[in-house]
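> Could you look at this predicted model? Sequence included:
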Amino acid sequence: MKKLSVNNLNSRSFNTSTRTRPLNYLLSFLFLTSCLIFLLFTPKQAHAACTYTGTSSSTYTYTAANYGNAATLTLTGTWRCRGTSGSYGTSAYTCIKPVFSSPMTGPNASYTLPYTVTATAGVTTTGSNATTGTWYGPGTTTVSNNYMTITLTIAVPAPSTILPAGTYTSSLKLYVDMQAASGTVCEGGTGDNNGWDSGSIDYTFNYVVPGICYLTSVTDIDFGNIADAGVIDSNYDANGAVVTRCNVNRSYSIYLGDGNNRITGGNRRMVNGSNYLAYQLYKESARTNIWDSTGGVTATGGSGGVAGTGTGSNQTFTVYGRIPQGVSIPPPGSYSDTVVVTVTY
């Protein structure tokens, strides 16, 4: 069988076939090798780009102690541009353009936080109150080892009211454009594709307003002089006041302590030496509901307190005092008591 099979083959065709196959592999190998060498030795095109290194986001958190002051955030970094040749370089002049939206928005659309912008790139500056979408410069490009210093300052003026608690946020895009031709006119366009020596930086900044309540002031209650003898013939009434200032929409409670000499479940008492004069403090002019600290001072909504809702501005609450009719009159003298006022929010 083996011999019959070989004899039936054409020897010339067999030889041609066996010689052609190695030649095909050789041609394929040479072709693939030349392609590989071409890919390995084809030079890669350089990419032009400007990069910012530094702080691009920051947060300012108010406290009850500093809320009434102006608040400033400063973000700094460096800027460097690579030309089409792959080397870092600069152009003679620099222009900048901030694009932003003031005021900042927070948890309640009706209340916002205004701010001003100051941006500087090298010696080019917007000044202390930049206008969005405006080119500033050109200034002479100032760098160190091809690094230009970039500074952005966000300034919020002292708030006139205590805004709702929450985070107020805004963003800003700063365009930086170096130019070679003009030292008098900025040549930048509307975007950041103005050549190898231009680009933009994206910033975000936040201002956090915490829950705040101030006990702004209290007014003493002065009952004046008592001319009765033995017992009080008719009520002696006098008023005081508590002034608070809390976040817009902030719920809070005002509690009045028992004073130093209150009878449990009964009247408060003023004192002079070992003698006492009874009195009471109320929530309303009818003097029906006693104002005290029942329900505790560590939570809002206690039944003894007076509830308030902040407006961001001062709010005045009248304290209604009374020396009730029928109270025994102690020996002559000046009688007083001290009551602690607590605002819980």
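Structure received.

> just the helices in the protein please.
2-7, 11-41 (DSSP state H).

> which one of those helices has the lowest average pLDDT?
By mean pLDDT, the lowest-scoring of the helices of the chain turns out to be helix 2-7, with a mean of 28.

> low-scoring stretches of the protein, by residue?
Per-residue confidence for the chain (pLDDT under 70) gives these ranges: 1-48, 191-193.

> and if we set it to 50?
Counting by pLDDT under 50, the chain contains low-confidence residues at 1-47.

> Count the neighbours of residue 170 for me.
A total of 20 residues lie near residue 170 under the criterion other CB atoms under 10 Å. (Glycine included, C-beta is placed from N, CA and C.)

> how about the nearest residue to residue 262, chain neighbours excluded?
The shortest distance from residue 262 to any non-neighbouring residue, by CB to CB, 6 or more residues apart in numbering, is to residue 268 (4.6 Å).

> so the one you found makes contact with residue 282?
No: with contact taken as CB atoms under 8 Å, residue 268 and residue 282 are classed as non-touching, separated by 11.1 Å.

> thinking again about what came up before, now do the residue nearest to residue 262: how many residues are near it, please.
Residue crowding around residue 268 was assessed by other CB under 10 Å; the count is 23.

> For stretch 227-247, list every residue counted as buried.
For stretch 227-247, burial by neighbour count (16 or more other CB atoms under 10 Å) applies to 232, 236, 240, 242, 244, 245, 246, 247.

> Would you state the strands of the stretch 51-200 of the chain in chain order?
57-61, 71-82, 88-89, 93-100, 104-105, 112-113, 116-121, 124-125, 136-140, 148-156, 166-179, 198-209 (DSSP state E, counting those that start in this stretch).

> For residue 309, give the beta-bridge partners.
When assigned by DSSP bridges, residue 309 has beta-bridge partners residue 251.

> Identify the residues contacting it.
With CB atoms under 8 Å, 6 or more residues apart in numbering as the criterion, the residues that contact residue 309 are 249, 250, 251, 252.

> which one of the residues you listed is nearest residue 159?
Top of the list for closeness to residue 159, among these and by CB to CB, is residue 250 at 14.4 Å.

> domain assignment for the protein?
Per automatic domain parsing, the structural domains of the chain span 49-209, 213-344.

> Grab the most central residue of the chain for me.
residue 207 (1.7 Å; CA atoms, centre = their mean).

> What residues are recorded as beta-bridge partners of it?
Taking DSSP bridges, one obtains residue 60, residue 168 as the residues bridged to residue 207.

> Go through stretch 142-156 and flag the buried ones.
Of all the residues in stretch 142-156, those buried under the rule 16+ other CB under 10 Å are 143, 148, 149, 150, 151, 152, 153, 154, 155, 156.

> returning to that earlier point: JSON lines please, covering the strands of the stretch 51-200 of the chain and showing distance to residue 259.
Compiled in JSON lines, the strands of the stretch 51-200 of the chain are given as follows (distance: least, CB to CB, whole Å):
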{"stretch": "strand 57-61", "distance to residue 259": "38"}
{"stretch": "strand 71-82", "distance to residue 259": "40"}
{"stretch": "strand 88-89", "distance to residue 259": "75"}
{"stretch": "strand 93-100", "distance to residue 259": "55"}
{"stretch": "strand 104-105", "distance to residue 259": "45"}
{"stretch": "strand 112-113", "distance to residue 259": "42"}
{"stretch": "strand 116-121", "distance to residue 259": "50"}
{"stretch": "strand 124-125", "distance to residue 259": "61"}
{"stretch": "strand 136-140", "distance to residue 259": "64"}
{"stretch": "strand 148-156", "distance to residue 259": "42"}
{"stretch": "strand 166-179", "distance to residue 259": "38"}
{"stretch": "strand 198-209", "distance to residue 259": "35"}
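
> So which of those strands is the most surrounded?
Per residue and on average, the most neighbours among these fall to strand 93-100, with a mean of 23 (mean count of other CB atoms under 10 Å).

> packing partners for that strand?
Packed against strand 93-100 by the contact rule (3 or more CB pairs under 8 Å, 6 or more residues apart in numbering; DSSP states H and E) you find strand 116-121, strand 124-125, strand 136-140, strand 166-179.

> would you list those in a markdown table and tack on distance to residue 55?
Formatted as a markdown table, the entries for the helices and strands packed on strand 93-100 read as follows, by distance: least, CB to CB, whole Å:
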| stretch | distance to residue 55 |
| --- | --- |
| strand 116-121 | 14 |
| strand 124-125 | 18 |
| strand 136-140 | 21 |
| strand 166-179 | 13 |
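
> Next up, the contacts around the nearest residue to residue 64 once chain neighbours are set aside.
Counting by CB to CB, 6+ apart, the nearest residue to residue 64 once its immediate chain neighbours are dropped is residue 212, at 5.1 Å. When the contact criterion is CB under 8 Å, 6+ apart, the partners of residue 212 are 62, 64, 67, 162, 165, 246, 247, 250.

> hmm, 6 Å instead?
Residue 212 makes contact with 64, 67, 162, 247 under the criterion CB atoms under 6 Å, 6 or more residues apart in numbering.

> so the residue nearest to the centre of the chain sits right up against residue 168, yeah?
Yes: contact between residue 207 and residue 168 holds when scored by CB atoms under 6 Å: they sit 4.6 Å apart.
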